[in-house]
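Visitor: okay, sequence plus prediction incoming.
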Amino acid sequence: MNNKMDTVTEIRAFNRFYTEIIGLLGQHILDSGYSLTEARVLLEISRTKNAAAHKLADVLGVDRSYMSRIIAKFEKEGLITRQANKNDSRASDIRLTDEGRRVFRELDERSNCQIMQLVSGLGEEEQAQLRQAMKTIKKFLNTAPATLVIRPFRESDVEYVIERQLSLYETERGFSSDIWKRYLREGVLTLIGRFNPELDNMYILENNGAPAGGIAVTHADAETAQLRYFFIEPELRGLGAGQKLFETALAFCRERGYRRAFLWTVSAQEAARGLYAANGFKITETGENSEWGVPVLEERWDLDL
């Protein structure tokens, strides 16, 4: 009983501490004029081709009248467009405009800068301990477990795959050059344009009905598959979702009779590299690249199936 009470006391103390941290971060993000809640709304709209205000309110736990005011603000500022829903005349489909995507990426970067300032006094080992501690907390206190589904992509997923990777790589890795943006967008569209259902696939990970990551398999030749566009939304990292998605892609490769598979990544993707190594991939080629906004070391990883 004492151990349980000690746990309760420690969790409540941590909750008070973290609530204060969130309160500081939840104010207008570095004088941008947008709150953390508004940034989260933009994120959810970016993930869904046809978002609806009432669904956004439910997903984010936001009062519906407050959500209506946020949506009205976004529309006035040209961040979103609203169109009548074909199946429900009472609802509107909400989509980000180009300006909305630009503002979201800027807010995402500002939020990252806040967190960087928060941990700036920590060394590499301390930051690693912090990341592991947070993964542990998510693992043991996940009172509403994710409902994960892995499914083949639909046409409506293509823009999600492009936009989320552009956003994640820009905020997390600094990939911001026009060369990078063109490389990613044209690469995804080319994959879809030459898609062969007997040899290719793209899987979408869904969390509670919302897209939360993806991975593609495309044919390099009759015996070789390339894995591409592998990403997981931050909230699901460290919980095994990436492993499930990766295993699904490898199972497809074996089912289709490929003899080998390869992928390209960058050395900074430490968590992903650990996953590749754990699944038997080995580095076979490296090369420096300075065209994507920051210098990176590209790595090719290969696996005999």
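Guide: That came in fine, so what should we check first? Computed from a predicted model, the values in this text were never measured in an experiment.
Visitor: so what's L250 up against?
Guide: By Cβ atoms under 8 Å, 6 or more residues apart in numbering, the contact set of L250 is 261, 279, 303, 305. Where you see a C-beta, it was placed from the backbone N, CA and C, and this is true even at glycine.
Visitor: sorry, slip of the keys, the one I care about is E109.
Guide: 170-171.
Visitor: any idea which helix or strand carries it?
Guide: Secondary structure assigned from DSSP states H and E places E109 in helix 98-118.
Visitor: circling back: just the buried residues of the contacts of L250.
Guide: Among those, those classed as buried by 16 or more other Cβ atoms under 10 Å are 261, 303.
Visitor: closest one to G209 out of the contacts of L250, please.
Guide: N279 (27.9 Å; Cβ to Cβ).
Visitor: quick one: mean pLDDT for the host helix or strand of H54?
Guide: Using DSSP H and E, H54 maps to helix 53-60. Here helix 53-60 scores 81 as its mean pLDDT.
Visitor: and it, C-alpha only, in PDB?
Guide: In PDB, the C-alpha atoms belonging to helix 53-60 read as follows (Å, rounded to 0.1, in the frame of the first residue of the first chain):
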ATOM      1  CA  ALA A  53     -15.000  21.300 -36.800                       C
ATOM      2  CA  HIS A  54     -17.000  18.900 -34.500                       C
ATOM      3  CA  LYS A  55     -14.500  16.100 -35.200                       C
ATOM      4  CA  LEU A  56     -11.600  18.300 -34.500                       C
ATOM      5  CA  ALA A  57     -13.200  19.400 -31.200                       C
ATOM      6  CA  ASP A  58     -13.700  15.800 -30.200                       C
ATOM      7  CA  VAL A  59     -10.200  14.600 -31.100                       C
ATOM      8  CA  LEU A  60      -8.500  17.500 -29.300                       C
END
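Visitor: what's the following helix or strand past that helix packed up against?
Guide: Moving toward the C-terminus from helix 53-60, the next helix or strand (DSSP H and E) is helix 64-76. With contacts defined as 3 or more Cβ pairs under 8 Å, 6 or more residues apart in numbering; DSSP states H and E, the packing partners of helix 64-76 are helix 36-47, helix 53-60, strand 80-84.
Visitor: can you rerun that using 6 Å?
Guide: With contacts defined as 3 or more Cβ pairs under 6 Å, 6 or more residues apart in numbering; DSSP states H and E, the packing partners of helix 64-76 are helix 53-60.
Visitor: pull the residues that contact the helix it packs on.
Guide: For helix 53-60, the external contacting residues (Cβ atoms under 6 Å, 6 or more residues apart in numbering) are 40, 44, 64, 67, 71.
Visitor: run the chain-centre distance for it.
Guide: Here helix 53-60 shows a centroid-to-chain-centroid distance of 19 Å under the convention Cα atoms, centre = their mean, to the nearest Å.
Visitor: for stretch 156-171, what is the average pLDDT?
Guide: The model assigns stretch 156-171 a mean pLDDT of 88.
Visitor: typed the wrong thing, it's stretch 139-149
Guide: Rounded mean pLDDT across stretch 139-149 is 71.
Visitor: tell me the pLDDT at the nearest residue to F153 once chain neighbours are set aside?
Guide: Leaving aside its sequence neighbours, F153 sits nearest to M202 (Cβ to Cβ, 6 or more residues apart in numbering; 4.1 Å). As predicted, M202 sits at a pLDDT of 96.
Visitor: for N289, same thing?
Guide: For N289, the model assigns a pLDDT of 94.
Visitor: what's the neighbour count on it?
Guide: By other Cβ atoms under 10 Å, 13 other residues sit near N289.
Visitor: any idea how far V158 is from the closest residue in space to E44 that isn't next to it in sequence?
Guide: Nearest non-adjacent residue to E44, counting by Cβ to Cβ, 6+ apart: L56, 5.5 Å away. Counting by Cβ to Cβ, to the nearest Å, the gap from L56 to V158 is 22 Å.
Visitor: likewise R131?
Guide: 32 Å.
Visitor: show me where the stretch 101-250 of the chain has helices.
Guide: 124-140, 158-173, 178-193, 241-255 (DSSP state H, counting those that start in this stretch).
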